[in-house]
Structures are given as C-alpha cells and as structure tokens.
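Undergrad: give me a 3D structure for the following:
(one chain, ligands or ions: 1)
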Amino acid sequence: MNRRKFMIPVIDGHLDSLQAMFLPDDNPRSLIEQTDRGHFDIPRARKGHFAGGLFAIFFPAEAKRRRNKTAFPGKEDAILKPVESAFAQEIAQKGIESFYGLAEQSSGRIQVAKSADEVSNNMAQGVISTILHFEGAEPIAPDLTNLPVYYQAGLRSLGIVWSRPNAFGAGVDFQFPGSPDTGPGLTEAGKELIIACNRLGIIIDLSHLNEKGFWDVERLSDAPLVATHSCMHALTPISRNLTDKQLEAIRDSKGVVGINFCTGFLRTDAKLTANTPISDIIRHTAYAVDKMGIDHVAIGSDFDGAVIPKEIGDVSGLPKLVEALFEHGFDEASVRKIACENWLRIFTPSWKTNA
Ligand SMILES: [Zn+2]
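TA: Just a heads-up that it's a prediction; the model follows:
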C-alpha cells in the first residue's frame with residue numbers, strides 16, 4: 001500500500017490537552033517539547049499529521065481537584081456537582097491564557113483559528129490550528145451578557161453541559177448499560193443560549209448533553225448538529241453514546257459525529273483499558289457511516305481526557321488509525337472525509353455570520 005496515503009492530515013473534534021498546562025493539582029507540561037506524558041504535544045502532533053482540533057477548556061468542580069475522566073465517577077463523586085459560575089470564569093481566563101500561550105510559544109507551528117478559512121490556510125502551510133471550545137457553559141452568565149466577550153476571545157464551539165446539570169441544561173453521566181434519556185431538557189436560559197450561539201456563529205456541541213436537551217437543540221438550532229466526541233449506543237449502550245434516532249437527526253441536519261477513542265464508549269463491556277484494539281474504533285466508525293453516510297462521520301479523540309487504545313497511544317499514532325480505515329476498505333476520498341474534510345465542511349456554516 002502507498003505509504004503516502006497514511007499521511008492524510010487529521011482534524012480532531014475534541015482534545016483535553018490544554019488542561020495539562022494550567023489546571024491545579026496537575027504537574028503542568030507545556031505541550032511545546034516532546035515528552036512521553038499524556039497524549040499531545042507539538043512534536044508528537046506533527047508526527048501524527050495532526051492538522052488541528054477543538055481544544056477544550058473543562059471546568060472542574062473543585063479548585064484543588066483535577067479533572068479525572070479516566071475513571072468514570074459515580075454519581076456521588078464531587079466532579080459531577082454543579083460548578084460555581086465565578087470559579088468557572090476564573091478557570092476560563094486561565095484556560096484562554098494557556099490557549100493563546102501555546103500558539104505564541106510554538107515558534108509558528110500553531111496558530112489560533114477563528115474561521116474556516118484560517119483552518120484551511122493553516123493546513124496549506126503545515127501549521128496546526130487550535131480552535132477554542134468550552135466543555136460546559138458554566139462561565140456563561142445565564143443572561144448571556146458575556147457570551148460575545150468569549151466569542152471575541154475566540155470561542156467557536158460550546159458544549160452546553162458536561163456530564164452534570166448547569167444553568168442551561170443537564171448532562172448524561174456514565175451509566176452502563178444506560179440510556180441518554182436522563183433528565184430534563186434545556187432551561188429557558190439554555191434555549192436562549194442556542195439561539196445566541198446560532199447568531200454569533202458558535203458550534204453547539206451535543207456530546208455530554210442528555211436526550212431531552214438534544215431534541216431541544218434539534219428543534220431550535222438552525223446550524224448542523226454536532227457531537228464532537230461520542231460513539232454508538234447500538235454498539236456500546238452507555239448513556240454517553242448516541243442512539244440511532246439521534247444519528248438520523250444529525251445526518252438530516254447535515255451535521256457530524258466525532259468518533260471518541262475512549263475505550264469505555266467503544267468496547268462492548270465499556271471497560272476502561274488500553275488493551276483495546278483499533279478495530280473497536282473502526283467498528284463504531286463503520287456503523288456511523290452505515291447509519292448516516294460518509295459525510296457525517298469524523299474524529300473526536302478525547303486525547304488527554306480518556307483511556308484510549310494503546311495501539312494508537314497518543315497523537316503520533318493517528319496514522320495507524322488512518323491505515324486501519326484503509327484496511328477496513330474505505331477508499332482515499334472517504335478516509336479524507338473522516339480524517340479532516342467533514343470537520344472543515346461543518347466549520348463554514350457553523351461559523352457563518354462572523355467568519
Ligand atoms: Zn468530554
């Protein structure tokens with residue numbers, strides 16, 4: 001097989017790597033130099049033909065507590081408790097400083113992207129694009145007055161919730177087996193938030209949102225529906241995954257699902273173990289393509305936020321996934337769509353008004 005094919009660039013719908021730079025209790029790493037810690041740094045990203053991604057800022061429930069998604073917490077765990085808005089705003093500030101700091105210290109290898117054209121131009125020049133995402137709307141004031149401020153600061157993608165309730169909606173936890181239908185839909189503030197995101201040009205991320213909230217977004221939003229890092233409920237019936245009905249709605253909206261590498265969402269037993277083959281990612285990808293078509297499936301690795309198959313290991317292992325997609329039988333045009341082109345297609349209409 002032609003090795004050049006495995007050099008297809010990848011755009012990733014979800015990484016948690018920014019947290020490593022600033023969250024308390026973490027042993028910070030800069031992401032500039034190569035290390036063997038975590039899943040992402042610039043040298044490893046370049047080895048993996050990583051072209052860009054949505055870089056999440058996550059809002060931990062307690063000042064001293066680092067996020068730990070690598071163990072699914074029980075409902076009683078502090079991480080699932082609501083987060084104070086003022087504290088979330090402090091974390092957002094630190095996260096945004098890290099987000100820009102990463103690009104500034106990258107010696108031109110990374111640029112912040114705020115439009116689809118910027119992502120495309122960066123790709124053409126071999127520069128990695130970082131796109132700002134909030135994983136949960138906790139820093140947003142319920143009257144939405146500070147949403148345009150975060151938009152100006154670069155926010156282009158927003159998860160309404162993480163796996164817990166906030167002023168806007170309610171998230172799914174990690175029940176297995178479990179349904180995503182875990183609670184009430186969006187609050188009135190949540191419904192206003194959807195309309196405001198459409199108007200500004202911010203992607204609304206459905207990953208972590210419960211099913212009633214999902215259908216509220218489906219009804220209210222005029223943008224393509226996007227789940228940045230989720231897998232298939234029909235294959236792994238954990239509450240965090242998407243049902244066939246949800247997949248159909250995403251397809252009908254011309255949206256996209258980024259397939260998550262978290263083994264707990266991929267395996268039939270939902271176990272968190274790196275001893276999980278790449279073929280489990282391919283199985284979910286192929287199912288998603290079968291249900292929605294090739295234009296609606298992408299990658300959402302959850303690097304630095306999940307236990308992932310050791311065959312991939314970290315961002316430098318992305319070419320192994322590309323190779324596995326070819327081995328499964330996808331042709332080059334299809335692999336390119338999954339690897340990067342479907343995300344590029346979504347960015348244009350989602351960021352429409354202000355691009
Ligand atoms: Zn997540």
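Undergrad: give me the distance between Lys94 and Pro148.
TA: To Pro148, Lys94 is 21 Å away according to Cβ to Cβ, to the nearest Å. In this view, the C-beta of every residue, glycine as well, is placed from N, C-alpha and C.
Undergrad: for Ile140, that is, sorry about that
TA: Summarising the geometry, the distance separating Ile140 from Pro148, computed by Cβ to Cβ, is 11 Å.
Undergrad: so these two - more neighbours on which side?
TA: With other Cβ atoms under 10 Å as the criterion, Ile140 and Pro148 differ in neighbour count, and Ile140 comes out ahead with 28 against 13.
Undergrad: contact partners of the host helix or strand of Ile195?
TA: For Ile195, the enclosing helix or strand under DSSP states H and E is helix 188-200. With Cβ atoms under 8 Å, 6 or more residues apart in numbering as the test, helix 188-200 has contacts from 137, 140, 142-144, 147-148, 151, 158, 160, 167-169, 186, 203-204, 213, 216-217, 220-223, 353-354.
Undergrad: ok, stretch 85-98 next?
TA: For stretch 85-98, the external contacting residues (Cβ under 8 Å, 6+ apart) are 18-19, 21-23, 57, 59-60, 63, 132, 134, 136, 138-139, 141, 146, 150, 153-154, 167.
Undergrad: select only the buried ones of the contacts of helix 188-200 in PyMOL?
TA: With 16 or more other Cβ atoms under 10 Å as the criterion, this PyMOL line picks the buried residues out of these:
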select buried, resi 137+140+142+144+147+151+158+160+167+168+169+186+203+204+213+216+217+220+221+223
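Undergrad: just the contacts of helix 188-200: which are in strands?
TA: Members of those lying in strands (criterion: DSSP state E): Leu158, Ile203, Ile204.
Undergrad: now those as a markdown table including pLDDT and distance to Ile308?
TA: Putting those into a markdown table (pLDDT from 0 to 100; distance: Cβ to Cβ, whole Å) gives the following:
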| residue | pLDDT | distance to Ile308 |
| --- | --- | --- |
| Leu158 | 98 | 24 |
| Ile203 | 98 | 23 |
| Ile204 | 98 | 25 |
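Undergrad: among the contacts of stretch 85-98, name the buried ones.
TA: Among the contacts of stretch 85-98, those that count as buried by neighbour count (16+ other Cβ under 10 Å) are 18-19, 21-23, 57, 59-60, 132, 134, 136, 138-139, 150, 154, 167.
Undergrad: Glu323: neighbouring residues, count only.
TA: Neighbouring residues of Glu323 were enumerated by other Cβ under 10 Å; the total is 17.
Undergrad: my bad, should have said Asp252
TA: In terms of burial, Asp252 registers 13 neighbours under the definition other Cβ under 10 Å.
Undergrad: so what does it have for phi and psi?
TA: Backbone torsions of Asp252, given as degrees, to the nearest 10, read phi -60, psi -30.
Undergrad: with Thr187 instead?
TA: Reported as degrees, to the nearest 10, the phi and psi values for Thr187 are phi -80, psi 170.
Undergrad: and it, how far from Glu211?
TA: 16 Å.
Undergrad: next: Asp269.
TA: Separation of Asp269 from Glu211 (Cβ to Cβ): 23 Å.
Undergrad: more neighbours, these two?
TA: Neighbours per residue (other Cβ under 10 Å) separate Asp269 from Glu211, with Glu211 holding more: 20 against 10.
Undergrad: about what we covered before: what's the lowest-pLDDT member of the buried ones among the contacts of stretch 85-98?
TA: Ranked by pLDDT, those bottom out at Leu23, which has 78.
Undergrad: my read: it touches Pro60, true?
TA: Yes. With contact defined as Cβ atoms under 8 Å, Leu23 and Pro60 form a contacting pair (6.6 Å).
Undergrad: perfect, that will be all.
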